[in-house]
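>>> Prediction below, plus the sequence it came from.
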Amino acid sequence: MPQKNKVRKYWPTAYYSRFLTVAMVAVTGLLVTLSTHAQESDAEHRSHHPDVYGEQSQSEPGNTKGGKPGKQPSSGNGMGGGMGAGMGKMMDGMMEKMGAPKPKDLYPSLMRLPELPEEKREEVLTKAVGRMQAGTAIMVQGFDALSRADARQDFTRMQSAVLEIEQGLSQYNSGLAAKRALTEGQAPRRVALEWFKREMNLLPTVSSHEPPRFLGMTPLHTGIMLVLIAFAVTMIWMYVFKMRRAGALMEELRQQSLTDADASPKTPEDSQKESPSDNTADVSNTVVPSGDAPAAAVPTKAGRYTGPLRVTGIFTETHDVKTFRLAQPNGEQLPFNYEPGQFVTFSLSIPGQEKIVKRSYTIASSPSQRDYMEVTIKREEHGLVSRHMHDTVKLNDLLEIKAPNGKFYFNGQGVNSVVLVSGGVGITPMMSAVRYLTAQCWEGDIYFIFSARTTHDFIFEQELLYLQRRHSNLHVLISMTRAEGTTWMGPQGRLTPELINGFVPELTSKVAHICGPPAMMDAISDMLLELGMPKNSIKTEAFGGEPPKKKAAPSTPSGTEPAAEASTHEVKFVASGKQGKSGPEETILDVAEALDVDIESSCRAGSCGSCKVKLLSGSVEMDVDDGLEDEDKAGGYILACQAIPSTPVEVEA
């Protein structure tokens, strides 16, 4: 009796457990039905895999009419257990037919999934669905066994049932992972690896207390970015501060330069022009006209500039040649234009000289360079101005200049080829022309002929070689007169007609410009004339020392002139009130210097025009008048350095 009551006491609990088991089985069956609703019917599926289901029916037959039920799992009997065992056997049979291990073949199949053909993918999908169904059956069987064991309080069987449920769940998860990879388009290998790690408990735990982030960055990264931003802002501020400071210094220097210019004395003749004063103690490049200057100064013509330029660069070309770069003191472009080959006249105050010394030098830079101009000067041992330029002039000095002057230039207009012949420092106007023509990509042929003593006297050697390589129309011929004992492998000796004629094709149809010492120019001119070049196609400009000064004979009373002075003529300088007589081949400039009459002069070759004066009466002869413009000739002006009196003359000086 007590035993009966005990059974009745636990009956409601067992009944409740059975109810929960049936509910869970129903829900699980519904899930399996929803996941497999798109699959084929069971009969059709069996028709596709007769070998698998045939083997299953032979090895584990189910309950049929007139037959005996097959062997059920030890955990319990019933339809759920038979179906789970049948599904497991079916999946194992399919796996064996695929040639892979029975329980774990889905993992390597997923790892190889991108390489499987379409028919294999269908087989994997079929296996995945079957594995899900088998897992569901095993879980149903496990839940049933757990319900029965719980009713009997059989803890050993309950533990076995739980393990069976976990096995079914794992099998269901593996099938679900395969199906998910195939149907949802996810990366099969990633799904397989996640499933494998989950099975092996290798997935990292996710911390629920993640530190706050700013714009997706951790506090460490945010701090580093703030430090870098602060550093960049500091660098930008320092750069702006330095640039403002540099600008202030430049403005201060400019104001100081203007103040120095305002403080310089002004001449009576040119009160509107300001002359800059040099701040050195022993050298002054300021123009200070002497008291006995010409009474009538010729105004600067349109297009010419008279004023200061600053020395911004000094470059050593050879052992006795330097190039001086001159630019506007305020940094602007040059205030004048010039042609390649024209020259500039310097007015220098040299220590030990009472008067302003003027000297002209050819501009060596290209007219296309508007920011500065360059003059290249050879230091002559007895040259007053060249020694002053080499030994005294330094950077930032202000030099008074007058530019441009001269008619000896070539800009490529009107001809399709040119022959440029030079010697020594006479290369400067030729380099100006070559630099300009190559900068303009002039299409004509340029035949550049240069003669120097040795390779140490070869001015602009590297630049010429560079321009020759860069421009195919530039042809260069160099000859060294003293090449013995050097590495020079080119032509040696002085230029000859054969050398020039062999270098320049069709010489007679070209124009030639010659610059160098007078003796060299005379020799080259004779060669070109001998080779058939017309005289009007040859242009020259002299470079060399000044001719020796001749003493003028003072005026003598009438009737006392020797017979030998019959060819002399009286020269009267009206402004200074002096007069004298010119000897044979003696110019008006020679007479003026002998009588200490101040007439400006520079080149003494008739090119610069510095010595032009007005002829009031009489007549003169001039071999060269390049320094005179047409309006000068019409106004009665002559070049004192070239004018030889042919009658008694009066000049305005």
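Ah, there it is. Bear in mind that the values here come from a model prediction, so they are computed numbers and not experimental data.

>>> and the strand or helix carrying Lys127, what does it pack onto?
In this assignment (DSSP states H and E), Lys127 forms part of helix 118-152. Where contact means 3 or more C-beta pairs under 8 Å, 6 or more residues apart in numbering; DSSP states H and E, helix 118-152 is packed against helix 2-35, helix 79-97, helix 106-111, helix 155-183. To be clear about C-beta, it is placed using only N, CA and C from the backbone, and glycine gets the same treatment.

>>> let's see it at 6 Å
Counting contacts by 3 or more C-beta pairs under 6 Å, 6 or more residues apart in numbering; DSSP states H and E, helix 118-152 is packed against helix 2-35, helix 79-97, helix 155-183.

>>> Pick out the shakiest of the ones you listed, pLDDT-wise.
Mean pLDDT is lowest for helix 79-97 among those, at a mean of 48.

>>> May I see the buried residues of stretch 382-396?
Neighbour counts over stretch 382-396 (16 or more other C-beta atoms under 10 Å) mark 383, 385-386, 388-390, 393 as buried.

>>> Repeat that for stretch 428-441.
Applying 16+ other C-beta under 10 Å to stretch 428-441 flags 428-438 as buried.

>>> what do you get for stretch 409-422?
409-410, 412, 417-422.

>>> Quickly name whichever of the residues you listed is closest to Arg469.
Leu420 (18.1 Å; C-beta to C-beta).

>>> would a markdown table of the buried residues of stretch 428-441 with pLDDT be doable?
Output for those, formatted as a markdown table (pLDDT from 0 to 100):
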| residue | pLDDT |
| --- | --- |
| Thr428 | 94 |
| Pro429 | 94 |
| Met430 | 95 |
| Met431 | 96 |
| Ser432 | 96 |
| Ala433 | 96 |
| Val434 | 97 |
| Arg435 | 97 |
| Tyr436 | 97 |
| Leu437 | 97 |
| Thr438 | 96 |
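
>>> Give me the pLDDT for Ala137.
pLDDT at Ala137 comes out at 90.

>>> ok so, going back, report the two of the buried residues of stretch 382-396 separated the most.
Farthest pair in these, by C-beta to C-beta: Gly383 and Val393, 13.6 Å.

>>> How is this structure partitioned into domains?
Following automatic domain parsing, one finds the domains of the chain at 2-199, 265-407, 412-545, 553-651.

>>> ranking the ones you listed by mean pLDDT, which is last?
domain 2-199 (a mean of 63).

>>> circling back to that earlier point, now, which of the buried residues of stretch 428-441 lie within helices?
Residues of the buried residues of stretch 428-441 located in helices (DSSP state H): 428-438.

>>> hmm, back to that, quick one: which of the buried residues of stretch 382-396 is nearest Val597?
Closest approach between those and Val597, by C-beta to C-beta: Val385, at 21.1 Å.

>>> element containing that closest one?
Here Val385 is assigned to helix 384-391, by DSSP H and E.

>>> Show residues contacting the helix or strand following that helix.
Using DSSP H and E, the next helix or strand after helix 384-391 towards the C-terminus is strand 398-405. Residues from elsewhere that reach strand 398-405 (C-beta atoms under 6 Å, 6 or more residues apart in numbering): 276, 285, 287, 305-306, 308-310, 336, 338, 342-347, 608-609.
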